[in-house]
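*Asks:* Just to be clear, the model below is a prediction. Sequence and coordinates:
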Amino acid sequence: MRLVVPDALTSDSLCFFLITSTCGESGPLEKSAAGATMNVLCCRDPKHLGQIAAADGAKALKAALAEKEEVTILVATAPSQFPTMESLIETPDIDWSRVTAFHLDEYIGLSIEHPASFRKILKERFVSRLPFKEFNYVNGEAADPQKECDRLGELISRHTIDVAFIGIGENAHLAFNDPPADFETTRSYLVVTLDEACRRQQLGEGWFPTLDAVPTQAISMSVSQILKSRRIICSVPDERKAQAVQQSVEGPVTPNVPASILQQHAGCTIYVDVAAASKLKPSSYQTV
């Protein structure tokens, strides 16, 4: 495994990462056909959701590995992602030594030693347990965050994204693209300002002692870069996400509901549990 780490970063850093290949074509960006619905699967509970999402993601990953020598993965670090992460670790017969990874996002100015550091969380829960080939980290402690975005953008431009494991925030954000999200930018990474709803979610999940302690800015992969993924596995358990799920699945595509853009990705599946599906019409999902 080769770790690509900026000077100011240690190998303990990583929060989200993206599975990409070094060759191939961009993923499906076309809008869903008129009258079509998103592919939404409703599972019994978070554990069952993690098992189903990981199985589908592993199937896509193995298929990509059968086509080419190197591929990649994105994994969100929020607690909602832990069941999928754990099930993916337990999946046999994946050659992780052929997987290249890109970190999705990180708070600006937050030490890697802080309990809320995405790099720290993912390293401890996921990365240290699998023999990945290479990581390209987001350094939230970089002296110049914009230069860090440029560095990452240049690196990821060499890759085609095969599989992305993501989630949806309580405010329907994708990565740290809070509403209104920028759907038009062609930049791969952005410096973003976190809205209060996003910061309150981080507080409510117990990562910070007070709202004032939650950082106000982050480096985030852009929506357009995420949508280049050939396959998107989106895990969204918990009643706290029910409103965001309903708006994303049944509402119009709008920057005010960033995850609604997933309606335009032909290779996306959203996995919810019963609680997260509680505001959806029964016709909007399939029970598994």
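*Replies:* Perfect, I can see it now. Numbers count the residues shown, from 1 in each chain.

*Asks:* Mind pulling up the pLDDT for the spatially most central residue of the chain?
*Replies:* Centroid-nearest residue in the chain: Ile166, 2.9 Å away (criterion: C-alpha atoms, centre = their mean). pLDDT recorded at Ile166 is 95.

*Asks:* before we move on, what about Glu25?
*Replies:* Note for Glu25: predicted pLDDT of 39.

*Asks:* With Thr20 instead?
*Replies:* 45.

*Asks:* quick one: low-confidence ranges for this structure?
*Replies:* Residues of the chain that meet the criterion pLDDT under 70 lie in 1-37.

*Asks:* Show me where it has its helices.
*Replies:* 46-67, 82-89, 118-125, 145-156, 196-204, 223-226, 242-250 (DSSP state H).

*Asks:* Report the buried residues of the third one.
*Replies:* When burial is assessed from 16 or more other C-beta atoms under 10 Å, helix 118-125 yields the following buried residues: 118-123, 125. Glycine gets a C-beta too; all of them are placed from N, C-alpha and C.

*Asks:* now it, how far from the centre of its chain.
*Replies:* Taking C-alpha atoms, centre = their mean, to the nearest Å, one finds the center of helix 118-125 at 14 Å from the center of the full chain.

*Asks:* got the CA positions of it in PDB?
*Replies:* Taking Å, rounded to 0.1, in the frame of the first residue of the first chain, the C-alpha atoms of helix 118-125 are listed here in PDB:
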ATOM      1  CA  PHE A 118     -13.000  12.500   9.500                       C
ATOM      2  CA  ARG A 119      -9.500  11.300   8.700                       C
ATOM      3  CA  LYS A 120      -9.000  10.000  12.200                       C
ATOM      4  CA  ILE A 121     -12.500   8.300  12.300                       C
ATOM      5  CA  LEU A 122     -12.100   6.500   9.000                       C
ATOM      6  CA  LYS A 123      -8.500   5.500   9.600                       C
ATOM      7  CA  GLU A 124      -9.600   3.800  12.900                       C
ATOM      8  CA  ARG A 125     -12.800   2.200  11.700                       C
END
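
*Asks:* that older thread, out of the helices of the chain, flag the one nearest Val138.
*Replies:* Judged by C-beta to C-beta, the one of the helices of the chain that comes nearest to Val138 is helix 145-156, at 6.4 Å.

*Asks:* Now do that closest one: which elements does it pack against?
*Replies:* The contact analysis (3 or more C-beta pairs under 8 Å, 6 or more residues apart in numbering; DSSP states H and E) places helix 145-156 against strand 99-103, strand 134-136, strand 189-193, strand 217-221.

*Asks:* winner for burial among these?
*Replies:* strand 99-103 (a mean of 27; mean count of other C-beta atoms under 10 Å).

*Asks:* okay, the angle between that one and strand 217-221?
*Replies:* 150 degrees (axes from the mean of the first three to the mean of the last three C-alpha atoms, to 10 degrees).

*Asks:* Ile270 and Cys42 touch, don't they?
*Replies:* No: with contacts counted by C-beta atoms under 8 Å, Ile270 stays clear of Cys42, the gap being 9.6 Å.
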